[in-house]
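Trainee: My questions concern the predicted model and sequence given below.
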Amino acid sequence: MDSQHVTLDSLPYIDKEYDDPATREHVLGLIQEEMAQMSPPLMPKSAHIFKSNDTLRKEYERVRSGHSLPPFDTTRYNISAPTSDTASAWQQASNNAASQLEHQTTRIDNLELLQNFGAQAWKLSNHQKEQLLSSIENRTQKLREEGVHVNKARKYEQTEAGVRLSELEERWSDGVRRCVEIQVACGRLQQEINVLETSK
């Protein structure tokens, strides 16, 4: 079915049957009855990601058992003297010191970049977000206005159709009434004919 050409027989602006409390109660009862027959979507009993990923599974088990996270290990950031006088111990201490120096140099570089360009980057980011927000707000307002326009047009069309439907319903009622009157008159004439035929 083409979603652009859907015919609805609902006329909420002129159908007043739902205003009747008995009708409303009946409709709500039908809806509840239908909903009772619907099966709710079930969530999977277990998430498969925990079975296939060892890290997630271990973390899940840790949380499930109530154990807290181990404290953050800062010992690797300490620069300490070698534990022995061997060349490998001094080499390891030297490598650690060089690594810490490089890390601190990188931090200083990042802080200098932030100091020189951070404010401008922050302002630019805020400006871009404000433009995005403005665009979304404008689109939302446009969609609201379109919705109001559609509802006004729908109300006008249904009100006009309601007048025509009322006229047609009245004509139909008059036609039915006349048919009944004609049937009654025909019944009387048939009785008169029967009386005349029996009196001959």
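Mentor: Alright, I've got the coordinates. Numbers count the residues shown, from 1 in each chain.
Trainee: Please make it C-alpha for all contacts and neighbour counts, starting now.
Mentor: Noted.
Trainee: Quick check: which ranges of the chain have low pLDDT?
Mentor: Scanning the chain for pLDDT under 70 picks out the ranges 1-9, 44-47.
Trainee: tell me the centre residue of it?
Mentor: For the chain, the residue nearest the mean C-alpha position is Thr140 (15.5 Å; Cα atoms, centre = their mean).
Trainee: Quickly find the element holding it.
Mentor: helix 87-199 (DSSP states H and E).
Trainee: just Leu69 next, same as before
Mentor: Following DSSP H and E, one finds Leu69 outside all helices and strands.
Trainee: and the gap between it and Gln91?
Mentor: 33 Å (Cα to Cα, to the nearest Å).
Trainee: same question, Arg24
Mentor: 86 Å.
Trainee: before we move on, the earlier item: the more surrounded of Leu69 and Gln91?
Mentor: Gln91 (12 against 9; other Cα atoms under 10 Å).
Trainee: any idea how far Leu189 is from that one?
Mentor: Applying Cα to Cα, the value for Gln91 to Leu189 is 128 Å.
Trainee: and if you look at Ile14?
Mentor: Taking Cα to Cα, one finds Ile14 at 43 Å from Leu189.
Trainee: Tell me which of the two has more neighbours.
Mentor: Between Ile14 and Leu189, Ile14 has the larger neighbour count (other Cα under 10 Å), namely 15 against 12.
Trainee: What is the burial count for the closest residue in space to the more buried one that isn't next to it in sequence?
Mentor: The shortest distance from Ile14 to any non-neighbouring residue, by Cα to Cα, 6 or more residues apart in numbering, is to Gly162 (6.0 Å). Around Gly162 there are 16 other residues, counting by other Cα under 10 Å.
Trainee: try Ser88
Mentor: By the measure other Cα under 10 Å, the count of residues near Ser88 is 11.
Trainee: For it, give me its contacts.
Mentor: Under the criterion of Cα atoms under 8 Å, 6 or more residues apart in numbering, Ser88 has no neighbours.
Trainee: Can you report how many residues lie near Leu101?
Mentor: 13.
Trainee: same deal with Ala161?
Mentor: Per other Cα under 10 Å, the neighbour tally for Ala161 reads 14.
Trainee: repeat for Thr106
Mentor: Neighbour tally, Thr106, other Cα under 10 Å: 12.
Trainee: Starting from Gln115, give me the distance back to it.
Mentor: Thr106 is 14 Å from Gln115, by Cα to Cα.
Trainee: So which bits of stretch 103-113 are buried?
Mentor: By neighbour count on 16 or more other Cα atoms under 10 Å, the buried set for stretch 103-113 is empty.
Trainee: Distance from the chain centre to that stretch, please.
Mentor: Its chain's C-alpha centre and that of stretch 103-113 lie 45 Å apart, by Cα atoms, centre = their mean, to the nearest Å.
Trainee: C-alpha coordinates for it, PDB please?
Mentor: Listed next in PDB are the C-alpha coordinates belonging to stretch 103-113 (Å, rounded to 0.1, in the frame of the first residue of the first chain):
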ATOM      1  CA  HIS A 103      55.000  12.300  29.300                       C
ATOM      2  CA  GLN A 104      55.500  15.600  31.100                       C
ATOM      3  CA  THR A 105      56.800  17.300  27.900                       C
ATOM      4  CA  THR A 106      53.700  16.200  26.100                       C
ATOM      5  CA  ARG A 107      51.500  17.500  28.900                       C
ATOM      6  CA  ILE A 108      53.300  20.900  28.800                       C
ATOM      7  CA  ASP A 109      52.900  21.000  25.000                       C
ATOM      8  CA  ASN A 110      49.200  20.200  25.300                       C
ATOM      9  CA  LEU A 111      48.800  22.900  28.000                       C
ATOM     10  CA  GLU A 112      50.500  25.500  25.800                       C
ATOM     11  CA  LEU A 113      48.300  24.600  22.900                       C
END
